[in-house]
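Colleague: could you work out the structure for the sequence below:
(chains A, B, C and D)
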2 protein chains.
Amino acid sequence: MERSIRIVIIEDDEIIREGYALLIGQVEGYQVVNTYSSFDDAVKSIVDVAPDVILLDIELPGTSGIAAIPKLKRMLPNAHILILTVYESEKLIFEALANGASGYLTKNTPAAKIIESVKEVKDGGGPMSVNIARMVIKSFQRNQESPLSKRETQILEQIADGKSRSQIAKDLFIDLETVRSHIKNIYLKLDVNSRADAIRLAKENKLIK
Amino acid sequence: MERSIRIVIIEDDEIIREGYALLIGQVEGYQVVNTYSSFDDAVKSIVDVAPDVILLDIELPGTSGIAAIPKLKRMLPNAHILILTVYESEKLIFEALANGASGYLTKNTPAAKIIESVKEVKDGGGPMSVNIARMVIKSFQRNQESPLSKRETQILEQIADGKSRSQIAKDLFIDLETVRSHIKNIYLKLDVNSRADAIRLAKENKLIK
DNA sequence: GGATTAATCACCCTAATAGGGTGACTATTA
DNA sequence: TAATAGTCACCCTATTAGGGTGATTAATCC
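Modeller: Below is the predicted model of the structure:
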């Protein structure tokens, strides 16, 4: 028989924290080995506790959940972090994932889904709430009504890759002057006059990746 | 009573296509209004059929599923496209999502999950198979063992935003020479000697976003 | 306590680059 | 027939990028 999944909960609201602990702890194969009310509190003993999965809140007293992620990953490289929070701001979600969170659930998530998600992160999956998944997928999508032509988009993408005009010319097998011409048109259409502004505007409007 | 969800299936394998059609069509609230064996075949009548959700295969004769996505979105701006395929290549997934797919399922997905996902995309969600979600989340994560210091990472990120040294200096309130010094160290550490190479290498290794 | 690393700044140098202006030719598409 | 996309040409100059070779301070590490 496999040993049960060792879970730690870091959450400042005592009622929620103990509620989750009780809920998860009674499921077979799941073991809540400890709970903490803050990351700063967890630091002392969490390494010895050696959890497989850490349920982490974003809003915590002291070190924020976001800031805690890389620290936890350094202390416990094999542990999976599952964010469990009320926040749905795009910035927070992407920061959490970029920092190393393996999943992101919002707090209205039904108990069964939380249980399932714990198993899922432990097995290397990436569970997300429906609305989070929507935002994540949306972040990949480019603007379908770009003012830029295909060629212009392609060249702007190369500019965003840090390439010089001459490098772009070489890579696309066109003349340096043609590249210049395209860049001028890009600047005209976007109403900017520098690479930095063009890149910023294009990314803001998802004209390029 | 709400009208049922109008579904179209584009899939070249007849057995799979009709299997899905039968499976989905018998669920209450779900209506398979047509099926096609290719995009080129679908083009003729799909606009008149006016589906809410399009189940789309990636490997299709003629126009590929990936290439079909933006065309379908242009023809039916309000339809949601749900990819249903055996392919799990990172490149295909991100291309599909970037082109406008609302969800991505692999073909081993159980029937119940497919049914649920159709409803989910129709409601603006972003359903994904477990393994797809894992890859998507992974794509957000930065390398935890970067050779670059925080400051260097920050400066390389600004370089990737197309900023000049002097712009970076201004934005970070440090001297132009300090920026130069950091860039030199970045180049040394990454063993490159141009912005383009540094950006490419850093993105490949997820040192920056 | 000595070594490494991070972060800051200084001054040498030169080739290449970016951006602005203005215009032309061709092919496709509306 | 008018607009757009894609190609190329030549005018101009200030800025930039990259290489070299330092120094100083503070923090962190063994």
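Colleague: so what's the closest residue to A:D57 other than its chain neighbours up against?
Modeller: Nearest in space to A:D57, with sequence neighbours left out and distances taken as CB to CB, 6 or more residues apart in numbering or on different chains, is A:E11 at 4.4 Å. Every residue, glycine included, has its C-beta placed from N, CA and C. When contacts are counted by CB atoms under 8 Å, 6 or more residues apart in numbering or on different chains, A:E11 touches A:17, A:20, A:35-37, A:55-57, A:60, A:84.
Colleague: okay, the residues you listed in CSV with neighbour count, pLDDT and distance to A:N143 next?
Modeller: Formatted as CSV, the contacts of A:E11 follow (neighbours: other CB atoms under 10 Å in any protein chain shown; pLDDT from 0 to 100; distance: CB to CB, whole Å):
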residue, neighbour count, pLDDT, distance to A:N143
A:R17, 19, 96, 42
A:Y20, 21, 95, 40
A:T35, 19, 97, 44
A:Y36, 22, 96, 43
A:S37, 18, 95, 44
A:L55, 26, 97, 36
A:L56, 25, 97, 34
A:D57, 24, 96, 34
A:L60, 23, 92, 36
A:L84, 26, 95, 33
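Colleague: okay, and which of those residues map to strands?
Modeller: Among these, the residues falling in strands (DSSP state E) are A:35-36, A:55-56, A:84.
Colleague: how about the residues you listed, which pair is most distant?
Modeller: A:Y36 and A:L84 (13.5 Å; CB to CB).
Colleague: which helices and strands sit right next to the helix or strand containing A:K113?
Modeller: Per DSSP states H and E: A:K113 is located in helix A:111-122. Here helix A:111-122 touches strand A:5-10, helix A:14-25, strand A:53-56, strand A:80-85, strand A:103-106, going by 3 or more CB pairs under 8 Å, 6 or more residues apart in numbering or on different chains; DSSP states H and E.
Colleague: may I see the buried residues of the first one?
Modeller: Of the residues in strand A:5-10, A:5-10 count as buried by neighbour count, 16 or more other CB atoms under 10 Å in any protein chain shown.
Colleague: what separates the longest helix anywhere in chain A from the chain centre, distance-wise?
Modeller: For chain A, the helix with the greatest residue count under DSSP state H is helix A:176-190. Distance of helix A:176-190 from the chain centroid (CA atoms, centre = their mean, to the nearest Å) equals 34 Å.
Colleague: is that helix in proximity to DNA strand D?
Modeller: Yes: using CB under 7 Å from any atom of the strand, we find that helix A:176-190 touches DNA strand D at A:177-178, A:180-182, A:185.
Colleague: which residues touch stretch A:182-191?
Modeller: A:147-148, A:151-152, A:155-156, A:159, A:165, A:193, A:197-198, A:201-202.
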